[in-house]
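Visitor: I would like the atomic coordinates for the input below:
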Amino acid sequence: MRCPFCSEPDTRVIDSRLTEEGAAVRRRRECPRCGRRFTTYERVEEIPLMVVKKDGRREPFSRQKVLAGVMKACEKRPIPVARIEELVSRVEEAVRTQGEYEVPSRLIGERVMEELRQLDPVAYVRFASVYRDFQDVTGFVAEVRQFLDRAGQGPAPAADAE
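Guide: Residues are numbered from 1 along each chain as shown. Alright, predicted model coming up:
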């Protein structure tokens, strides 16, 4: 490793430690020429994960974007932030373990909906209403009925029945 102070190409490691739960190695180094010490970090280089949008555009995967969407769906619900963070971590892990460099946004949205379905029904319906981009009430009602059927609560009463 080149010394950042004098550009000596050969420095020596005087201490190594794991950091970030083993995700990186912190190394203290010393330059034999100028005697100064500096720190370097060694991490596995991850290839950026790209998300392919519905219109074909590609953008880097953003954990923050997923978190913001889930937080919005869970707004004013009795869900601890730690549970939301765990949900987003599971979604990110599932997406990254696909082994692909490009992932359709649909896959991420479906995974978030699966997680929300188990976490909170209201947050699920909120997220689904934005994610599915319903153009009318009929589509929204169909999604809620489908959710209730899966939850074992039977079909919801028809909208026109009284």
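Visitor: and the gap between the residue in the chain sticking out farthest from the centre and residue 8?
Guide: No residue in the chain sits farther from the centre than residue 33, which is 44.9 Å out by CA atoms, centre = their mean. Separation of residue 33 from residue 8 (CB to CB, to the nearest Å): 4 Å. Any C-beta I mention is one placed from the backbone N, CA and C, and that applies to glycine too.
Visitor: And the lowest-mean-pLDDT helix or strand in the chain, what does it pack against?
Guide: Among the helical and strand segments of the chain, the one scoring lowest on mean pLDDT, DSSP states H and E is helix 137-150, with a mean of 78. Packing partners of helix 137-150 (3 or more CB pairs under 8 Å, 6 or more residues apart in numbering; DSSP states H and E): helix 121-131.
Visitor: which helices and strands does the helix it packs on pack with?
Guide: Using 3+ CB pairs under 8 Å, 6+ apart: helix 121-131 touches helix 63-73, helix 105-119, helix 137-150.
Visitor: and of the ones you listed, who's closest to residue 87?
Guide: Residue 87 lies closest, by CB to CB, to one member of the helices and strands packed on helix 121-131: helix 105-119, at 4.7 Å.
Visitor: Contacts made by the closest one with the rest, please.
Guide: Contact with helix 105-119 is made by 51-54, 61, 66, 69-70, 73-74, 79, 83, 87, 90-91, 94-95, 98, 123-124, 127-128, 131, 147, 150, as judged by CB atoms under 8 Å, 6 or more residues apart in numbering.
Visitor: centre of the chain versus it, how much separation?
Guide: Centroid separation for helix 105-119 versus its chain: 11 Å, with CA atoms, centre = their mean, to the nearest Å.
Visitor: Can you list the buried residues in that helix?
Guide: 105, 107-109, 111-113, 115-117, 119 (16 or more other CB atoms under 10 Å).
Visitor: So residue 59 lies in a helix, does it not?
Guide: No: using DSSP: H, G, I helix; E, B strand; the rest coil, the secondary structure at residue 59 is strand, not a helix.
Visitor: picking up where we left off before, pretty sure the residue farthest from the centre of the chain is touching residue 3, no?
Guide: Yes: judged on CB atoms under 8 Å, residue 33 makes contact with residue 3 at a distance of 6.9 Å.
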